[in-house]
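Enquirer: sequence first, predicted coordinates after that:
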Amino acid sequence: MSIEKFNKDLLENKDMQAELKTMGNDVSKIVAYANTKGYNFTVADVEAKKGELSEEQLDKVAGGNGGILVAW
């Protein structure tokens, strides 16, 4: 599963959101968490996506607005 699927599921799952908030802004921990849940992406994949985000979307990176990893 991809980053986009993880974000979609995260938006819909309050338990995942709560777990993710405990990780703050540590992208490597978030990616490791996602991979334990069956998603398959790397920190490099997240970094590549960051270049495609607007400033508003970057504000929604983990630990920011609602604990969302990346909001596409």
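Expert: Done, it's in. Only a predicted model underlies this, so the values are computations on that prediction, with no experimental measurement involved.
Enquirer: so after the helix or strand that contains Y33, what's the next helix or strand?
Expert: Using DSSP states H and E, Y33 sits in helix 27-36. The first helix or strand that comes after helix 27-36 along the chain, using DSSP H and E, is helix 43-50.
Enquirer: and that next one, what does it pack against?
Expert: Packing partners of helix 43-50 (3 or more C-beta pairs under 8 Å, 6 or more residues apart in numbering; DSSP states H and E): helix 3-12, helix 27-36. Heads up, the C-betas are built off the backbone N, CA and C, glycines and all.
Enquirer: quick one on the thing from earlier: next, the buried residues of the helix holding Y33.
Expert: The neighbour-count check on helix 27-36 (16 or more other C-beta atoms under 10 Å) flags 27, 30-31, 33-34 as buried.
Enquirer: possible to save the helices and strands packed on helix 43-50 as a markdown table with distance to L20 and mean pLDDT?
Expert: Supplementary listing: the helices and strands packed on helix 43-50 in a markdown table, determined by distance: least, C-beta to C-beta, whole Å; pLDDT from 0 to 100:
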| stretch | distance to L20 | mean pLDDT |
| --- | --- | --- |
| helix 3-12 | 7 | 88 |
| helix 27-36 | 6 | 92 |
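Enquirer: between the buried residues of helix 27-36, which is nearest K8?
Expert: If you rank the buried residues of helix 27-36 by distance to K8 using C-beta to C-beta, A34 comes first, at 12.2 Å.
Enquirer: for the closest one, which non-adjacent residue is spatially closest?
Expert: The spatial neighbour of A34 that comes closest, neighbours along the chain excluded (C-beta to C-beta, 6 or more residues apart in numbering), is F6 at 5.0 Å.
Enquirer: ditto for F41
Expert: Once flanking residues are discounted, F41 sits nearest to I3: 5.0 Å by C-beta to C-beta, 6+ apart.
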